[in-house]
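[1] pasted the sequence and its predicted model underneath.
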Amino acid sequence: MNPQFPVYVISKGRWESLLTSKELDRINVPYKLVVEPSEAEQYLKEVSEDKILIAPEDFSLRKCGSIPVRNFVWEHSIESGAEWHWIMDDNIQAFWRANNNIRVRVADGTIFRCVEDFANRYENVGQAGLNYYMFCVDRLYYPAFWINTRIYSCILQRNEIKHRWRGRYNEDTDLSIRILKDGWCTILIQAFLAQKATTGSVKGGNMEHLYGGNDQVGNKEKEWIEKRRLMAQSD
């Protein structure tokens, strides 16, 4: 089973790694890899043309990160007639099912369809998505989902929401907060997880154009993961 709504993977400078693309190929989930015109040639050497969606311009030149391409994807999905769309970062290594304190790597796209069916039951849900693999360690209890929190990196977005992406940093938190302030709900799924590479550990992305190669965020993530690992061992 596969998602019924379009899946977009936004990518910048990562034609050599293609983590999310390779994982979606492995589990046979259809998607569009959204790239800038100046990098299309490099990506086309690694990914089949039918999976590539070329943005109308090199948005990175605006020095505002992935915001313009995220909004381009939103409008593209609306034009396709979709009521929702998936938007994913390009550094997701694997997708997992979490159940009974054990994480098991998935073999197909059923998890995405389950999230769609769950979110689409409710008229007041504006956003849903998968929590990070590193935030739900084995041996600790977690509910199947949390409501009304921020959604990040692997997002199912309702298209009718009036807001769009904005700013330069923490755009996921900003969008989720504005959605919540309007009275919509969000659902962060923890029964299914996205294993995202630590920020700054994969060459490319916004590091050079937006963060100037600074890996302070990545180091903070590593510290947090280590703390959680030690907590799990002490239980």
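    Sure thing, it's come through.
[2] now do Arg26 against Lys32, distance only.
    Distance of Arg26 to Lys32, computed by CB to CB, to the nearest Å: 17 Å. To be clear about C-beta, it is placed using only N, CA and C from the backbone, and glycine gets the same treatment.
[3] so for the two, which sits in the more crowded spot?
    Taking neighbours as other CB atoms under 10 Å, Arg26 and Lys32 compare with Lys32 leading, 20 against 14.
[4] just the element for the closest residue to the more buried one other than its chain neighbours, please.
    Excluding its sequence neighbours, the residue lying closest to Lys32 (CB to CB, 6 or more residues apart in numbering) is Leu53, at 4.1 Å. Taking DSSP states H and E as the definition, one finds Leu53 inside strand 52-54.
[5] and that strand, what does it pack onto?
    In terms of contacts (3 or more CB pairs under 8 Å, 6 or more residues apart in numbering; DSSP states H and E), strand 52-54 is packed against strand 32-35, helix 40-44.
[6] where does Ile155 sit, in terms of helix or strand?
    Taking DSSP H and E as the definition, one finds Ile155 inside strand 154-158.
[7] what's the first helix or strand after that strand?
    Next helix or strand after strand 154-158 toward the C-terminus (DSSP H and E): helix 171-181.
[8] Provide a list of residues in contact with Asp58.
    Each residue near Asp58 by CB atoms under 8 Å, 6 or more residues apart in numbering is listed here: 36-38.
[9] just give the nearest non-adjacent residue to Ala191, would you?
    Excluding the flanking residues, the one nearest Ala191 by CB to CB, 6+ apart is Ala144, at 4.4 Å.
[10] my guess is Leu18 contacts Asp90, does it?
    Yes: Leu18 is within contact range of Asp90, at 7.2 Å (criterion: CB atoms under 8 Å).
[11] shared neighbours of these two, which are they?
    Counting by CB under 8 Å, 6+ apart, the contacts common to Leu18 and Asp90 are 11, 33.
[12] okay, these two: which has more neighbours?
    Between Leu18 and Asp90, Asp90 has the larger neighbour count (other CB under 10 Å), namely 26 against 19.
[13] in a helix, that one, correct?
    No: Asp90 is assigned coil when assessed by DSSP: H, G, I helix; E, B strand; the rest coil, not a helix.
[14] contacts only, for the nearest residue to it once chain neighbours are set aside.
    Sequence neighbours aside, Ser11 is the residue nearest to Asp90 in space, at 3.9 Å (criterion: CB to CB, 6+ apart). Ser11 makes contact with 18, 20-21, 33-35, 43, 90, 204, according to CB under 8 Å, 6+ apart.
[15] for the residues you listed, which one is nearest Arg164?
    Arg164 lies nearest to Val34 out of the contacts of Ser11, by CB to CB, at 15.7 Å.
[16] residues touching the closest one, list them.
    Contacts of Val34 by CB under 8 Å, 6+ apart are 8-11, 53-55, 69, 72-73.
[17] which one among those residues gets closest to Glu160?
    Val73 (15.5 Å).
[18] the closest one touches Val7, doesn't it?
    No: counting by CB under 8 Å, Val73 sits too far from Val7 to count as a contact (10.2 Å).
[19] overlap in contacts, the two.
    Common contacts of Val73 and Val7 (CB under 8 Å, 6+ apart): His85.
[20] distance check, the residue nearest to Asp90 against Val69.
    In terms of CB to CB, Ser11 sits 9 Å off from Val69.
[21] burial count for Lys162?
    Neighbours of Lys162 under the rule other CB under 10 Å: 8.
[22] for Trp96, same thing?
    Neighbours of Trp96 under the rule other CB under 10 Å: 19.
[23] wait, a strand at it?
    Yes: read with three-state DSSP, Trp96 is one of the residues of a strand.
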